[in-house]
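Enquirer: Sequence plus predicted model, see below.
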Amino acid sequence: MNQYLPLLGILVVIIGFALRFNPMLVVPAAALTTGLLAGFDVFEVIGKLGKAFNDARIIIVPWIVLPVIGLLERYGLQQRSRAVIGRFRAATAGRLLILYLLYRQIISAIGLHSTAGHPQTVRPLLAPMAVAAAERQTELDEEGSERVKAYAAATDNVGLFFGEDIFFAIGSIVLIQQTLEAYDIMLSPLELAVWAIPTAIAAFIIHGSRLLMLDKKLSQATLVRAERSRGAPAPTPLGYARDERDGEERR
């Protein structure tokens with residue numbers, strides 16, 4: 001029974017994210033929980049966590065990426081990305097995000113997970129393109145626009161999280177292998193990577209279905225708005241609807 005106690009670190013992650021705590025607090029807390037329950041000294045756990053943090057060069061990346069992205073946005077990168085997606089008549093927000101999900105999983109699976117991400121891809125390119133595609137499907141209010149942006153960010157997260165474990169030379173695979181080896185379960189990194197493929201496929205199907213449902217909601221929003229123009233006001237699927245008679249907002 002004691003051999004399963006380190007898995008409580010996963011529970012810490014789930015609870016922390018469910019309660020919307022800061023990820024920078026949740027991840028170290030989960031690492032400390034796992035390390036202490038595995039029998040490591042607290043200073044050893046902190047040392048390993050700090051070494052991994054420093055090896056990943058997390059500290060210096062924003063100082064390189066963010067100024068470049070800021071300059072590109074200043075000179076109209078988001079506007080150009082919206083104009084590009086506007087040329088494709090068949091483009092919808094859901095279809096665009098599904099294509100990006102596939103792309104994100106593939107490049108993560110071959111070890112190129114740093115070539116895309118929130119600061120360099122989602123904010124300046126993917127989110128504006130998704131919003132532009134959604135606006136062609138229906139008239140978006142502010143909440144609807146923010147929700148489409150949230151779908152874009154979530155798509156990047158899902159693609160990276162479930163795609164990177166297919167690459168057997170990534171740190172998470174090595175960590176899993178070492179953890180299993182401590183309990184005399186001998187698996188090679190390649191074997192672990194192969195077993196990550198079904199999970200990645202399932203993640204693609206599940207999140208892809210959510211994106212198709214997003215397209216459906218956008219289409220329904222147009223129908224609801226048309227019905228509202230002919231009669232009493234009704235809430236749209238993507239946001240708040242204002243009752244013109246009394247000015248109250250409701251779902």
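Expert: Done, it's in.
Enquirer: what distance separates the helix or strand E143 falls within from the middle of the whole chain?
Expert: Here E143 is covered by helix 142-163, with elements defined by DSSP states H and E. In terms of C-alpha atoms, centre = their mean, to the nearest Å, the centre of helix 142-163 is set 5 Å apart from its chain centre.
Enquirer: buried sites along that helix?
Expert: 144-145, 147-149, 151-152, 154-156, 158-163 (16 or more other C-beta atoms under 10 Å). Any C-beta I mention is one placed from the backbone N, CA and C, and that applies to glycine too.
Enquirer: do the same with stretch 172-187
Expert: Neighbour-count burial for stretch 172-187 [16+ other C-beta under 10 Å]: 173, 176-177.
Enquirer: Could you dump the residues you listed into TSV with distance to E191 added?
Expert: TSV is the format used below for the buried residues of stretch 172-187 (distance: C-beta to C-beta, whole Å):
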residue	distance to E191
I173	10
I176	11
Q177	9
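Enquirer: Return the member of the residues you listed nearest to G16.
Expert: Using C-beta to C-beta, I176 is the member of the buried residues of stretch 172-187 that lies nearest G16, at 20.3 Å.
Enquirer: Helix 142-163 and the helix or strand that the closest one is a member of, what's the angle between them?
Expert: When secondary structure is defined by DSSP H and E, I176 falls within helix 171-182. Counting by axes from the mean of the first three to the mean of the last three C-alpha atoms, to 10 degrees, helix 171-182 lies at 50 degrees to helix 142-163.
Enquirer: Quick one: list the elements packing against helix 171-182.
Expert: Contacts defined by 3 or more C-beta pairs under 8 Å, 6 or more residues apart in numbering; DSSP states H and E place helix 171-182 against helix 189-230.
Enquirer: Reduced to three states, what does F21 come out as?
Expert: Secondary structure state of F21, per DSSP: H, G, I helix; E, B strand; the rest coil, is coil.
Enquirer: these two touch, right, L187 and Q177?
Expert: Yes - in this structure, L187 is within contact of Q177 by C-beta atoms under 8 Å, at 6.2 Å.
Enquirer: any idea how far V122 is from K51?
Expert: 29 Å (C-beta to C-beta, to the nearest Å).
Enquirer: which one of these two has more residues nearby?
Expert: V122 (22 against 10; other C-beta atoms under 10 Å).
Enquirer: got the contact list for that one?
Expert: By C-beta atoms under 8 Å, 6 or more residues apart in numbering, the contact set of V122 is 152-153, 156.
Enquirer: of these, closest to A91?
Expert: Distances from A91 to the contacts of V122, taken as C-beta to C-beta, are shortest for A152 (13.8 Å).
Enquirer: surely the closest one meets L97?
Expert: Yes - using C-beta under 8 Å, A152 is in contact with L97, at 6.2 Å.
Enquirer: what touches both of the two?
Expert: With C-beta under 8 Å, 6+ apart, A152 and L97 have common neighbours 126, 130.
Enquirer: The nearest residue to T33 once chain neighbours are set aside and P189, how far apart?
Expert: Nearest residue to T33 in three dimensions, chain neighbours excluded: G9, at 4.5 Å (C-beta to C-beta, 6 or more residues apart in numbering). Shown here: G9 relative to P189, a distance of 21 Å by C-beta to C-beta.
Enquirer: what's in contact with the helix holding E143?
Expert: 93, 97, 100-109, 113, 116-118, 121-122, 126-127, 130-131, 134, 138, 140, 196, 199-200, 203-204, 207, 210-211, 214, 221, 236, 238-240.
Enquirer: what residue ranges in this protein score low on pLDDT?
Expert: Filtered on pLDDT under 70, the chain yields the residue ranges 1-2, 53-66, 222-251.
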